[in-house]
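# Quick one, structure for this:
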Amino acid sequence: MTTSTKGAKWVIDPAHSKIGFKVKHLMIANVQGSFKKFDANVSIDNEDVSTLSVSVKINTASISTEAEDRDTHLKSADFFDSEKYPNITFESTSAKDLGDEMYELKGNLTIKETTKPITLTVEYGGTMTDPWGNTKAAFNVTGEVNRKDFGMVWNAALETGGVLVGDKVKLDCDVEFTKVAE
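Residues are numbered from 1 along each chain as shown. Okay, here's the model as predicted:
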């Protein structure tokens, strides 16, 4: 980020952000989905990436794959168990500037009370002032997790070999943040 100031704080703009993912179905196709309810905060001091702090909370019951039956199954105990575990959280632990507006963000991802370290790739899209005078910053965040690491082990074997649902979940998030007035 190139326009932050000492102690800058940012909040996610949910109307201009998407927390998305995709996972293999039948080992040949991707099913895509997203979460509709989430919150995230970012703080950084003096444009120093090493001071970057990111906190994200995602409502598991807000999952949408555009298939009601599948979404209901994903909210069940076979996957997210949304009634018992209403949130997924991410807390950053470190950030590294890779050059060319690319960053490595490490942190702890918690799903169903299981916390695992993950590494995300962050591409900085830029900073702009909107027509109402708000400073905005945009990022694309990608990564990959194994759903089984978080206790989501349900699957169905296929007659022809293989499984119904892939283990690897690819994350693809486009997020826009608004700088909080100082």
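
# Check the gap between Ala67 and Lys112 for me.
Applying Cβ to Cβ, to the nearest Å, the value for Ala67 to Lys112 is 22 Å. Yep, even glycine has a C-beta here, placed from its N, CA and C like the rest.

# Of the two, which one has the most company?
Higher neighbour count among Ala67 and Lys112: Lys112, with 17 against 12, using other Cβ atoms under 10 Å.

# so what pLDDT did the more buried one get?
Looking at Lys112, its pLDDT stands at 95.

# And for Asp71?
pLDDT, read off for Asp71, is 96.

# got it, and Ala29?
For Ala29, the predicted pLDDT is 89.

# can you check Glu83 too?
97.

# And for Val180?
In this model, Val180 carries a pLDDT of 88.

# ok, now Lys9?
In this model, Lys9 carries a pLDDT of 89.

# From the rest of the structure, what touches whichever strand or helix holds it?
Taking DSSP states H and E as the criterion, the element that holds Lys9 is strand 8-12. If you take Cβ atoms under 8 Å, 6 or more residues apart in numbering as the criterion, strand 8-12 is touched by 38-45, 137, 175-180, 182.

# how does it look with 7 Å?
Residues outside strand 8-12 that contact it (Cβ atoms under 7 Å, 6 or more residues apart in numbering): Asp39, Ala40, Asn41, Val42, Ser43, Ile44, Ala137, Val175, Phe177, Thr178, Lys179, Val180.
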